[in-house]
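Q: got a structure for you, letters missing:
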């Protein structure tokens, strides 16, 4: 193995220690993917970071052993942030910035919207199918959750704040922004155009994304207008799987890496954090098939009337408002799943669950 190859293997092993790992691939797709995003110097530097936020001084204690000055360390960190290769958090009251490793997804892949090349898209798709989708689903605790569109919710539904997209937007301090979906960009680069008209559909309150030119700022009213268009376009609302997420993905099953892959499984609903499911009133249903055409997970079949497979329904509610007979209703699940407090809490729960599963497997 060459010295350059060794750097990328070190980074692969380092990223694999995170809550959402980066397992090795027999084909070498793991290394090809890392090479597509990191140059050797960046790859070596990234191994000095952790998956927990650290300030400049604590990171410098590691990098000075390699002869880097404090200023060089800061420049490298801010360059990695600018290139969308690591996470960061600004703490205004402390007057400092914290840095941490980002997993592949949801992580540095999504942060490279508008910088996707054919090489990156091909490497990601190969690695996703070979190793990463299984790693993503290992713990059973997803990084994003599914919440219903507003048009599907009625006064009969019990809706917690973390399941109400309007309330979640209201709690954001801003800025509000939207950017292109990297999944639709990837599919178009690889030769498949999204079936939906709305492709600028990833919402966040990230000032960094605006400063990088990846996102454009919107008013709160414009965000609500965009959500309405997403409902009409049949897109699934997927915020981060914690109580106050900083991003919302408006996803389709023809492009979204998560929806499109999990859709191929027999019981996709078990891989989604959702508190709802759709139910058909057979007495009202005319069997027109509109709901089946709208369903992103192929959960609906038509005989004389519509039938919804609970093992496939993810509670997005897209089928509800489009029914001309008003025969479909959104129902609360008997057991409510409360999301983690924040990203660190989510990662901790994922890590603990993976450790629990690994221990159980060893004891079998």
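A: Perfect, I can see it now. This structure is a prediction, so every number in the text was calculated from the model and none was measured.

Q: what's the domain layout of this protein?
A: For the chain, the structural domains run 3-112, 150-332, going by automatic domain parsing.

Q: For the first one, the averaged confidence score.
A: It refers to domain 3-112. Mean pLDDT, computed over domain 3-112, is 94.

Q: and what of stretch 206-214?
A: pLDDT averaged over stretch 206-214 gives 90.

Q: quick one: buried residues of the lengthiest helix in the chain?
A: Among the segments of the chain that qualify as a helix by DSSP state H, the longest is helix 343-363. Buried residues in helix 343-363, counted by 16 or more other C-beta atoms under 10 Å: 343, 346, 347, 349, 350, 351, 354. For glycine as for every other residue, the C-beta is placed from the backbone atoms N, C-alpha and C.

Q: what separates that helix from the chain centre, distance-wise?
A: 19 Å (C-alpha atoms, centre = their mean, to the nearest Å).

Q: what does it rub up against?
A: With C-beta atoms under 8 Å, 6 or more residues apart in numbering as the test, helix 343-363 has contacts from 18-21, 51-53, 138-141, 143, 240-242, 339-340.

Q: can you check stretch 322-339 too?
A: In contact with stretch 322-339 (C-beta under 8 Å, 6+ apart) are residues 145, 148, 152-154, 156-158, 160, 162, 234, 241-243, 273-286, 288, 290-291, 294, 305-306, 308, 315, 317, 319-320, 346.

Q: buried subset of those residues?
A: Among those, the ones that count as buried by 16+ other C-beta under 10 Å are 145, 148, 152-153, 157, 162, 234, 241-243, 273-278, 280, 285, 288, 290-291, 294, 305-306, 308, 315, 317, 319-320, 346.

Q: From the residues you listed, which land in helices?
A: Reading helices off the buried ones among the contacts of stretch 322-339 with DSSP H, I get 290, 291, 294, 346.

Q: Relative to residue 103, which of those residues is nearest.
A: The closest of those to residue 103 turns out to be residue 346 (C-beta to C-beta; 11.4 Å).

Q: what about residue 216, helix or strand, and which?
A: strand 215-218 (DSSP states H and E).

Q: From the chain's centroid, how far away is that strand?
A: Relative to its chain's centre, strand 215-218 lies at 19 Å (C-alpha atoms, centre = their mean).

Q: ok, now which ones touch the most far-flung residue of the chain relative to its centre?
A: Here the chain reaches farthest from its C-alpha mean at residue 283, the gap being 38.2 Å by C-alpha atoms, centre = their mean. The contact partners of residue 283, by C-beta under 8 Å, 6+ apart, come to residue 327.
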